[in-house]
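# the sequence and its predicted three-dimensional model are supplied below.
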Amino acid sequence: MTKIYREITPLTSNDCFMVFDRTKNKFDFPLHYHEEFELNFIENAKGVKRVIGDHTEVISTQELILIGSNVPHGWFSHESEMEDIHEITIQFHKDLFDEKFLKRNQMSFIRSMLERSARGISFSQETIQAIKPRLIGLTQTNGFCSVMELMSILHDLSVSRNMKTLTTVTFANETATYDSRRIEKAFVYMRNNYDKDISLEDISKIVNMTVVSFSRFIKKRTGKTFIDSLNDIRLGHASRLLIDTRLSIAEISSKCGYNNLSYFNRIFKKKHGCTPKEFRENHSGTRTFV
């Protein structure tokens with residue numbers, strides 16, 4: 001069973017950020033979390049497995065990931081046989097940007113991105129190509145200029161296109177917002193009653209719409225069907241229970257609204273690419289310090 005470690009990073013209270021530039025042939029640091037934000041660039045790492053919260057993915061040749069404060073994460077060699085993996089890791093304090101400063105109009109995009117990083121953010125290949133030379137340059141810069149360049153890089157990332165959040169909303173303990181009172185009402189009900197039987201008919205009555213109308217409406221507003229949305233909420237809670245408790249998989253299935261264990265195992269694997277048992281083996285354990 002893999003442990004999740006709390007990492008004490010080398011970043012001191014007197015530093016704004018730290019940057020590490022490394023070439024390696026394997027990833028052997030365990031699944032971990034820390035208070036600092038982390039921007040991680042990796043190239044020449046095809047076949048490496050990345051874990052962010054409840055999201056697991058085998059990465060391609062290169063990637064750029066922003067990880068929020070205290071989000072469990074790790075990279076593992078997995079299927080990679082590469083000998084010259086290049087990694088640039090930037091860690092900065094979660095209070096590097098003062099809360100009042102982040103509320104200024106000009107900081108709105110960075111503020112939004114930092115909030116989203118609680119779910120882990122993956123940036124597009126186009127963005128990576130544009131930012132890569134500047135990340136390399138940052139490793140060779142210091143002092144005030146380096147801080148300004150980091151802020152500039154974060155701003156450009158915050159306005160980049162096609163960034164993708166990784167973990168589920170429920171796992172990150174966030175509440176998604178939609179520009180619709182009916183959708184908000186539906187999701188509040190699902191979040192509060194995910195452990196019970198909930199039907200499309202039940203939700204439709206709550207929002208005062210016909211079944212057909214609500215079915216179309218939620219798909220249009222969220223891009224997901226009612227059952228997919230409900231499963232996302234339930235599986236997010238299931239992921240947390242698999243990591244944070246010693247409940248049996250059958251107990252977790254029941255607590256998250258699934259009366260059929262086979263169905264729970266099937267949709268969990270479809271969502272995460274592994275069974276609940278495999279997920280627990282990869283993620284859970286005792287939290288300790290390193």
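Perfect, I can see it now. Not measured: the values here are computed from a predicted model.

# please, where are all the strands along the stretch 151-290 of the chain?
Secondary structure of the stretch 151-290 of the chain, counting by DSSP state E, counting those that start in this stretch: strands at 164-165, 288-289.

# any stretches of the stretch 151-290 of the chain with poor pLDDT?
In the predicted model of the stretch 151-290 of the chain, residues 173-179, 283-290 satisfy pLDDT under 70.

# now with 80?
Where the stretch 151-290 of the chain drops to pLDDT under 80, the residues are 169-179, 244, 281-290.

# what is the neighbour count of residue 270?
By the measure other CB atoms under 10 Å, the count of residues near residue 270 is 10. Heads up, the C-betas are built off the backbone N, CA and C, glycines and all.

# equivalent analysis for residue 141, please.
Residue 141, neighbours per other CB under 10 Å, totals 15.

# ok, it to residue 134 distance?
With distances taken as CB to CB, to the nearest Å, residue 141 is found 10 Å from residue 134.

# common neighbours of the two, please.
Shared contacts of residue 141 and residue 134 (CB atoms under 8 Å, 6 or more residues apart in numbering): residue 149.

# ranges for the strands of the stretch 1-150 of the chain?
Using DSSP E, counting those that start in this stretch, the strands of the stretch 1-150 of the chain run over 5-6, 17-24, 32-33, 37-43, 49-52, 55-58, 62-67, 73-76, 85-92, 121-122.

# which one of the ones you listed has the lowest average pLDDT?
For these, the weakest mean pLDDT is recorded on strand 5-6, namely a mean of 82.

# that one pairs with which strands, and in what direction?
strand 32-33 (parallel), strand 288-289 (parallel) (DSSP bridges).

# need the residues that contact the first one.
It stands for strand 32-33. Here strand 32-33 makes contact (CB under 8 Å, 6+ apart) with 4-7, 70-74, 290.

# out of the residues you listed, which is nearest to residue 129?
Of all those, residue 73 has the smallest distance to residue 129: 23.3 Å, by CB to CB.

# which residues touch the closest one?
31-33, 38, 50-53, 65, 67, 120.

# kindly report the same for residue 18.
Residues counted as contacts of residue 18 (CB under 8 Å, 6+ apart) are 9-11, 90-92.
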